[in-house]
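After the sequence you'll find the predicted model.
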Amino acid sequence: MTTSSAHIYFGTTSGGRVIYSVNYPKHGTASQPQAQPNFGTRPVERTSGQRIQQSEIIMSRMLQAFRTGIPIDPLPEYAPRDEFLPHAPVRTHGLNDEEIKLAVKNALRYFPPHLHQLLAGEFAEELNNYGHIYMYRFVPRMRMMAYHIGEYPAKSQQAAAIMLMIMNNLDPAVAQFPQELITYGGNGQVFSNWAQFWLTMKYLSEMEEDQTLVMYSGHPMGLFPSHAEAPRAVITNGIVIPQYSSRDDYNKMFALGVTMYGQMTAGSYCYIGPQGIVHGTTITLMNAGRMYLGVNDLAGKVFLTSGLGGMSGAQAKAAVIAGCVGVIAEVSKEAIVKRHGQGWLNEFTDSLDDCIQMIKDAVNSKRAISIGYHGNVVDLWERVAEEYKKSGKLLVELGSDQTSLHNPFHGGYFPAQLNYDEALNMLHTDQPHFQKLVQESLRRQVAAINYLAEKGLHFWDYGNAFLLEAGRAGAQVYKDHAKQKFIYPSYVQDIMGDIFSLGFGPFRWVCTSGVPSDLELTDKIAAEVLSGLSLTDVPKATAVQYEDNTKWIKGAKSYELVVGSQARILYADQVGRSAIAVAINQAVANKTLKAPVVISRDHHDVSGTDSPFRETSNIYDGSQFTADMAVQNCIGDSFRGATWVALHNGGGVGWGEVINGGFGLLLDGSPEAEQRAKNTLHWDVNNGVARRSWSGNSNAYGTIKRAMESEPRLRVTLPYSVDSSLNL
């Protein structure tokens with residue numbers, strides 16, 4: 001096992017390239033890694049050490065380069081991609097000769113003609129070698145991170161907030177594959193290429209308060225006249241004609257550079273690192289313990305899952321917070337070392353024997369711990385099954401999976417038959433055989449899970465399309481194939497569904513000062529608001545949520561959740577979100593907070609996502625395959641005061657499987673910001689509650705009725721109950 005901690009410093013060469021240096025104290029055994037590079041760990045204090053101070057001053061000055069847009073005069077020297085950073089798997093573009101030419105021409109549109117001859121060959125080589133034109137030559141020679149909002153060269157403070165959030169999404173501490181502009185999920189893009197990044201930042205630096213930036217799947221279409229109350233940016237990602245929303249269509253269009261997969265909060269610039277899902281994962285584990293094991297204390301209980309790369313990295317931290325033994329398999333050494341260095345993973349090993357013994361030791365001591373297994377989760381599941389056959393004892397009580405199965409054949413899932421490097425190679429060189437091995441591996445994984453489920457394991461789908469893809473692979477996961485009913489529950493449908501119906505979901509905020517004390521103060525503000533609300537006359541289920549979330553926010557600092565920007569996640573309902581936003585805005589106004597605060601939420605929320613196998617899996621009136629709610633939510637937020645809005649195809653369960661949207665809103669301390677927050681948050685939550693009520697959900701019915709009582713202008717169509725015994 002490895003229990004070391006990392007210290008990272010950064011500086012620049014004379015050429016401006018950012019250099020990272022990592023030192024690990026040497027612990028562990030000879031067979032386990034002692035000193036591994038970790039490019040995701042940031043200094044605890046940004047101002048500690050003269051080298052860091054000087055470097056940040058240099059980087060702050062370099063932000064002024066955004067005013068000039070794409071750097072072409074002089075043209076940056078060509079530099080290959082940085083092999084010290086983790087990189088996206090090589091894609092198979094599948095383009096024919098004419099389409100390859102079109103892809104290169106599309107990329108050259110960002111540059112003046114005198115550079116076309118030079119760049120054409122370079123871009124064609126990138127397309128051939130990596131399956132996409134990322135434009136590595138134009139990777140910024142600066143420290144990518146969320147700087148203080150005042151350091152951005154912008155005329156509009158709202159525009160500066162968007163710049164800050166973009167850079168946070170691409171921070172190597174946050175992003176999964178930063179040089180490919182991928183924040184999480186294996187293919188969740190912020191932009192399709194680096195020219196788009198530079199041009200977007202230029203537009204934001206020039207933006208006035210009566211302009212709106214229009215973003216087409218990573219491409220900045222331009223600044224258009226609007227007005228002060230309009231969004232400063234309107235973003236769409238992957239919005240295509242439904243008939244052309246297959247995976248093959250996506251692969252082709254992405255290779256051509258005409259669309260991209262924005263995941264949920266990657267393409268909307270609202271990702272805050274694995275913290276963004278840790279609260280929900282903690283709630284899921286605690287509720288699963290109550291529902292399936294009949295316990296409130298998970299000490300000595302084991303949760304086995306997979307994935308530490310992007311948002312799945314939250315699982316390790318959530319397991320410890322929930323009090324159980326979390327065992328997480330991860331095939332990427334870079335990902336597992338990154339999470340360990342950031343303090344999100346306690347220990348890890350690449351030995352199955354050691355892993356099993358570590359689990360047994362933790363169970364016996366009832367120690368809350370996260371254990372990483374560097375290897376394939378299929379091997380781990382099969383080994384746990386073998387342990388039961390030998391001993392008759394169930395080693396694991398709870399199980400799930402968070403591999404990126406929305407993207408199963410392009411690096412989201414690695415088959416157990418190959419090691420990591422072999423899989424990366426075959427993914428690019430023999431795609432049909434790779435797909436065959438992925439599906440065979442899924443069948444093996446499900447077989448082991450099914451065996452253990454018969455012995456008492458409780459398994460659930462975590463909304464990553466695991467059951468969907470396993471079913472497509474021929475695994476035994478269907479209860480009713482025709483109706484797409486699975487033998488295992490969805491965490492939304494069976495564990496968290498009632499939370500959404502009560503109006504509770506993942507609210508979040510980012511302190512644009514970058515100062516930890518500002519985050520501490522916002523935590524205190526939120527705790528005071530929720531404590532007060534829990535004493536009001538609300539239904540017991542709502543009061544319990546207030547109490548649980550008050551405990552969460554009071555303990556948030558001790559959980560050491562911050563990766564990247566000074567941000568926080570908190571489950572709250574419309575009343576709670578609005579009250580917290582108003583209180584934070586007041587703290588900005590009276591200078592208690594040092595800078596404005598951005599509020600947002602995960603798209604995975606009450607109203608933001610139409611996804612029949614996740615967020616709307618507990619909609620039973622047949623409308624779970626419709627997307628009116630998510631589309632209406634984006635439109636409604638846009639004219640109620642959001643600083644920016646986004647609407648995406650794909651996210652979580654995959655391209656063509658979901659429509660989702662989100663928003664960001666800057667609280668600058670003004671009365672106008674307070675009103676915008678009230679208007680936006682009231683709609684942003686109640687839209688989904690109303691839809692869930694109409695579908696027949698009793699919790700949502702009661703929640704929306706109370707909302708109408710508190711706001712006379714709100715009038716929602718309520719359903720009449722239909723007697724189930726009616727002869728139809």
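Now that the structure is in, tell me what you want to look at.

so who does the nearest residue to residue 157 once chain neighbours are set aside touch?
Using Cβ to Cβ, 6 or more residues apart in numbering and skipping the chain neighbours, the partner closest in space to residue 157 is residue 668 (6.0 Å). For every residue, glycine as well, the C-beta is placed using N, CA and C. Residues in contact with residue 668 (Cβ atoms under 8 Å, 6 or more residues apart in numbering) are 157-158, 585, 588, 596.

Kindly provide the distance from residue 668 to residue 304.
45 Å (Cβ to Cβ, to the nearest Å).

on that earlier part again, could the contacts of residue 668 go into CSV alongside neighbour count, pLDDT and distance to residue 361?
Converted to CSV, those look like this (neighbours: other Cβ atoms under 10 Å; pLDDT from 0 to 100; distance: Cβ to Cβ, whole Å):
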residue, neighbour count, pLDDT, distance to residue 361
157, 18, 98, 53
158, 24, 98, 52
585, 28, 98, 49
588, 25, 98, 48
596, 26, 98, 48
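
and residue 672, which of the three is it?
helix (DSSP: H, G, I helix; E, B strand; the rest coil).

and it, what does it touch?
residue 229.

quick one, phi psi at the residue nearest to residue 157?
phi -100, psi 10 (degrees, to the nearest 10).

Please name the nearest non-neighbouring residue to residue 449.
Closest to residue 449 by Cβ to Cβ, 6+ apart is residue 459, at 5.4 Å.

Quickly list what that neighbour is bridged to.
Residue 459 forms beta bridges with residue 399, as assigned by DSSP bridges.

what about it, how many residues close to it?
25 (other Cβ atoms under 10 Å).

how near is it to residue 180?
For residue 459, the distance to residue 180 - Cβ to Cβ - is 32 Å.

Also residue 431?
When Cβ to Cβ is applied, the distance between residue 431 and residue 180 equals 19 Å.

pretty sure residue 153 contacts residue 206?
No - using Cβ atoms under 8 Å, residue 153 makes no contact with residue 206, being 9.4 Å away.

what touches both of these two?
Contacts common to residue 153 and residue 206, judged by Cβ under 8 Å, 6+ apart, are residue 67.

from the contacts of residue 668, which is closest to residue 565?
If you rank the contacts of residue 668 by distance to residue 565 using Cβ to Cβ, residue 596 comes first, at 12.9 Å.

Please look at the closest one and residue 157 and confirm they touch.
Yes - using Cβ under 8 Å, residue 596 is in contact with residue 157, at 6.7 Å.

Could you tell me which residues touch both of the two?
By Cβ under 8 Å, 6+ apart, the residues touching both residue 596 and residue 157 are 149, 666, 668.

before we move on, the earlier item: could I get the contacts of residue 668 in CSV, plus columns for distance to residue 298 and secondary structure?
Below are these laid out as CSV (distance: Cβ to Cβ, whole Å; DSSP: H, G, I helix; E, B strand; the rest coil):
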residue, distance to residue 298, secondary structure
157, 44, helix
158, 43, helix
585, 38, helix
588, 39, helix
596, 39, coil
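
Looking at these, which is nearest residue 727?
Using Cβ to Cβ, the contacts of residue 668 come closest to residue 727 at residue 585, 56.0 Å.

so what's the closest one up against?
With Cβ under 8 Å, 6+ apart, residue 585 has these contacts: 597, 667-670, 673-674, 677.

try 10 Å this time
593, 596-597, 599, 665-678 (Cβ atoms under 10 Å, 6 or more residues apart in numbering).

With residue 503 instead?
Residues near residue 503 by Cβ under 10 Å, 6+ apart: 542, 545, 572-577, 605-607, 685-686, 688-689, 692, 699-700, 703-704, 706-707.

and it, how far is that from residue 442?
36 Å.

where do the strands sit along the stretch 351-500 of the chain?
For the stretch 351-500 of the chain, strands defined by DSSP state E, counting those that start in this stretch occupy the ranges 369-374, 398-399, 458-459, 478-480, 485-486.

Also the stretch 151-300 of the chain?
182-184, 188-189, 211-216, 219-225, 233-237.

Using JSON lines, lay out those together with distance to residue 414 and mean pLDDT.
What follows is these, written out as JSON lines (distance: least, Cβ to Cβ, whole Å; pLDDT from 0 to 100):
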{"stretch": "strand 182-184", "distance to residue 414": "17", "mean pLDDT": "93"}
{"stretch": "strand 188-189", "distance to residue 414": "18", "mean pLDDT": "94"}
{"stretch": "strand 211-216", "distance to residue 414": "32", "mean pLDDT": "98"}
{"stretch": "strand 219-225", "distance to residue 414": "31", "mean pLDDT": "98"}
{"stretch": "strand 233-237", "distance to residue 414": "26", "mean pLDDT": "98"}
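
so which of the ones you listed is the most packed in?
strand 188-189 (a mean of 30; mean count of other Cβ atoms under 10 Å).

Please name every helix or strand in contact with that one.
Where contact means 3 or more Cβ pairs under 10 Å, 6 or more residues apart in numbering; DSSP states H and E, strand 188-189 is packed against strand 182-184.

Contacts for the strand it packs on next, please.
86-88, 134, 168-171, 174-177, 188-191, 260-267, 269-271, 273-274, 276-277, 309-313, 404.

For residue 431 and residue 180, indicate the residue with more neighbours.
Applying other Cβ under 10 Å to residue 431 and residue 180 shows that residue 180 carries more neighbours, namely 27 against 16.

Based on its surroundings, how many neighbours for residue 83?
Other residues close to residue 83 by other Cβ under 10 Å number 8.

next structured bit after the host helix or strand of residue 101?
Using DSSP states H and E, residue 101 sits within helix 97-108. The helix or strand immediately downstream of helix 97-108 is helix 116-130, counting by DSSP H and E.

In terms of secondary structure, what does that following helix contact?
Checking 3+ Cβ pairs under 10 Å, 6+ apart, helix 116-130 ends up next to helix 97-108.

Give the rounded mean pLDDT of the helix it packs on.
Mean per-residue pLDDT for helix 97-108: 98.

in that helix, what counts as buried?
Neighbour-count burial for helix 97-108 flags 100, 102-104, 106-108 (criterion: 16 or more other Cβ atoms under 10 Å).

any chance of the strands of the stretch 151-300 of the chain in JSON lines, plus distance to residue 642?
Formatted as JSON lines, the strands of the stretch 151-300 of the chain follow (distance: least, Cβ to Cβ, whole Å):
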{"stretch": "strand 182-184", "distance to residue 642": "20"}
{"stretch": "strand 188-189", "distance to residue 642": "21"}
{"stretch": "strand 211-216", "distance to residue 642": "11"}
{"stretch": "strand 219-225", "distance to residue 642": "17"}
{"stretch": "strand 233-237", "distance to residue 642": "9"}
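
Of all the ones you listed, which one comes closest to residue 342?
strand 182-184 (14.1 Å).

Just checking the distance from the closest one to the centre of its chain.
8 Å (Cα atoms, centre = their mean, to the nearest Å).

Could you do stretch 203-212 as well?
27 Å.

Same question for stretch 111-129: list its buried residues.
111, 119-120, 122-124, 126-127.

how about it as PDB, C-alpha atoms only?
Output of stretch 111-129 as PDB, limited to C-alpha atoms (Å, rounded to 0.1, in the frame of the first residue of the first chain):
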ATOM      1  CA  PHE A 111      -6.100  31.100 -39.200                       C
ATOM      2  CA  PRO A 112      -5.000  33.500 -41.900                       C
ATOM      3  CA  PRO A 113      -4.100  32.000 -45.300                       C
ATOM      4  CA  HIS A 114      -0.300  32.600 -45.000                       C
ATOM      5  CA  LEU A 115      -0.300  30.000 -42.200                       C
ATOM      6  CA  HIS A 116      -2.300  27.400 -44.000                       C
ATOM      7  CA  GLN A 117       0.500  25.500 -45.700                       C
ATOM      8  CA  LEU A 118       2.500  25.200 -42.500                       C
ATOM      9  CA  LEU A 119      -0.500  24.200 -40.300                       C
ATOM     10  CA  ALA A 120      -2.200  21.900 -42.800                       C
ATOM     11  CA  GLY A 121       0.400  19.100 -42.600                       C
ATOM     12  CA  GLU A 122       0.600  19.500 -38.800                       C
ATOM     13  CA  PHE A 123      -3.200  19.200 -38.300                       C
ATOM     14  CA  ALA A 124      -3.400  16.300 -40.700                       C
ATOM     15  CA  GLU A 125      -0.700  14.500 -38.700                       C
ATOM     16  CA  GLU A 126      -2.600  15.200 -35.500                       C
ATOM     17  CA  LEU A 127      -5.800  13.800 -37.000                       C
ATOM     18  CA  ASN A 128      -3.900  10.700 -38.100                       C
ATOM     19  CA  ASN A 129      -2.000  10.200 -34.800                       C
END
